[in-house]
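Asks: Structure for this input, please:
(one chain, ligands or ions: 1)
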Amino acid sequence: MSDGLAIRMRGVVKRYGPITAVAGLDLDVPMGTCVGLLGPNGAGKSTTMRLLTAQSIADEGELEVLGFRLPGESKAARAECGVVPQLDNLDVTLTVEQNLLVFAHLYRIGRHERREAIERALELANLVHRRDSRVDKLSGGMRRRLLIARALVHRPRLVLLDEPTVGLDPQVRQELWALIDALRSEGATILMSTHYIEEAQRLADTVLIMSHGRAVAAGPPSRLVAEHAGREALEVYGPPARLVEVEIEAGAAGLRTRRTGTSVSILGLDGTDGHAFEGERRPANLEDVFVLLTGEEIG
Ligand code: ATP
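Replies: Next up is the predicted model:
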């Protein structure tokens, strides 16, 4: 594989009529790493994922998945990828185990290895005790775990997760994070799209922030924070009129700010600049970077 990359995209463009969903995207996913594709609604994350599974064909640019060129060699690439779609497309009339069996056949796992492959997927997803349950009897979190297990049954070299925890409650999200973390520690290569900052910060080695179909920043979360938001931020609370004043004063002092509901965050306070303002100091975070670069609050 060229330069140890599981995914290599260069200058990729995808248009839908007048809309340019992906507008010249470069993306590298090194083998053995977890990369988070982070962006607000409509940034082009799902389109990027569809291009990588050859469900959509790019209008321009180069795409390689596991060394295979897309779209020409997409069949070979797909055979070695595990894809977890955003929408649950499990067969609800089958049991957990039967769903896994269907995929084991589909991925041509040999008869003698099938049992072991299914056991492994059930264990990883913590679904051994529910193997005989019909899918329509499972909770939302269990269905998501099964969706991930199904994508892993053939031991893919690359796992593509499209918004793995969207719409789930915080407790279920934590369970899924533990599952994705377990995958990472097994050395899997993962590309995960998300619009949850915390998810990217917790799980990804590197994050690519997308806005309007383009990459606006890429790197390890801690480096992005240091580069764009500095070390420290000051959270200033007050009535709306005061917040507007603070924004103006901070702007005049050359400091960057962002609104966070009932407060204004003044960013990049790594020296003594913030002494003019009363507020609570806190470490800068990836959410600050996200808002600075995309101009969007998190959904
Ligand atoms: P979300 O977080 O809301 O899923 P996203 O970052 O995944 O957003 P995409 O779904 O890739 O964004 O959409 C990018 C842009 O392309 C949007 O403006 C969307 O309306 C448009 N788009 C995506 N798919 C199609 C399609 N099949 N036909 C027309 N426009 C599309």
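Asks: Would you verify that I209 is located in a strand?
Replies: Yes. Assigned with DSSP: H, G, I helix; E, B strand; the rest coil, I209 falls within a strand.
Asks: R256 contacts L267, doesn't it?
Replies: Yes. Counting by CB atoms under 8 Å, L267 is a contact partner of R256 at 4.6 Å. The C-beta positions use only the backbone N, C-alpha and C, and glycine is treated the same way.
Asks: neighbour count winner among those two?
Replies: Using other CB atoms under 10 Å, the more surrounded residue of R256 and L267 is L267, with 24 against 17.
Asks: any idea how far that one is from A229?
Replies: When distance is defined by CB to CB, to the nearest Å, L267 is 5 Å away from A229.
Asks: Need the residues touching each of R256 and L267.
Replies: Among the neighbours of R256, those also in contact with L267 (CB atoms under 8 Å, 6 or more residues apart in numbering) are 229, 292.
Asks: Pull up the overlap in contacts between L267 and A229.
Replies: The contact sets of L267 and A229 overlap at 256, 284, 288, 292 (CB under 8 Å, 6+ apart).
Asks: ok, and the most crowded of those residues?
Replies: Neighbours here mean other CB under 10 Å. Within these, the largest count is held by D288, at 24 neighbours.
Asks: For that residue, give me its contacts.
Replies: By CB under 8 Å, 6+ apart, D288 lies in contact with 225, 228-229, 233, 258, 265, 267.
Asks: The ligand contacts on the chain?
Replies: Within the chain, the positions near the ligand by CB under 6 Å from any ligand atom are 16, 19, 21, 39, 41-47, 195.
Asks: Please narrow those to those residing in helices.
Replies: Mapping the residues of the chain next to the ligand onto helices (DSSP state H) picks out 45-47.
Asks: what's in contact with the biggest helix by length in the chain?
Replies: Longest helix in the chain, counting residues (DSSP H): helix 170-185. Residues from elsewhere that reach helix 170-185 (CB under 8 Å, 6+ apart): 34, 124-126, 139-141, 144-145, 148, 152, 159, 161, 164-165, 168, 190, 192, 196, 199, 202-203.
Asks: In ChimeraX, how would I select the buried members of these?
Replies: Entered in ChimeraX, the line below selects the buried ones among the contacts of helix 170-185, by 16 or more other CB atoms under 10 Å:
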select :34,124,125,141,144,145,148,152,159,161,164,165,168,190,192,196,199,203
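Asks: Tell me which of the contacts of helix 170-185 fall in strands.
Replies: Counting by DSSP state E, those place 34, 159, 161, 190, 192 in strands.
Asks: Determine how far whichever strand or helix holds L37 lies from the middle of the whole chain.
Replies: Per DSSP states H and E, L37 falls inside strand 34-38. Centre-to-centre, strand 34-38 and its host chain are 4 Å apart (CA atoms, centre = their mean, to the nearest Å).
Asks: Name the strands paired with that strand and say parallel or antiparallel.
Replies: Next to strand 34-38 in the sheet, as set by DSSP bridges, lie strand 189-194 (parallel), strand 206-211 (parallel).
Asks: any chance of these in CSV, plus distance to A252?
Replies: Below are the strands paired with strand 34-38 laid out as CSV (distance: least, CB to CB, whole Å):
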stretch, distance to A252
strand 189-194, 36
strand 206-211, 27
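Asks: quick one on the thing from earlier: what angle sits between the longest helix of the chain and strand 34-38?
Replies: 140 degrees (axes from the mean of the first three to the mean of the last three CA atoms, to 10 degrees).
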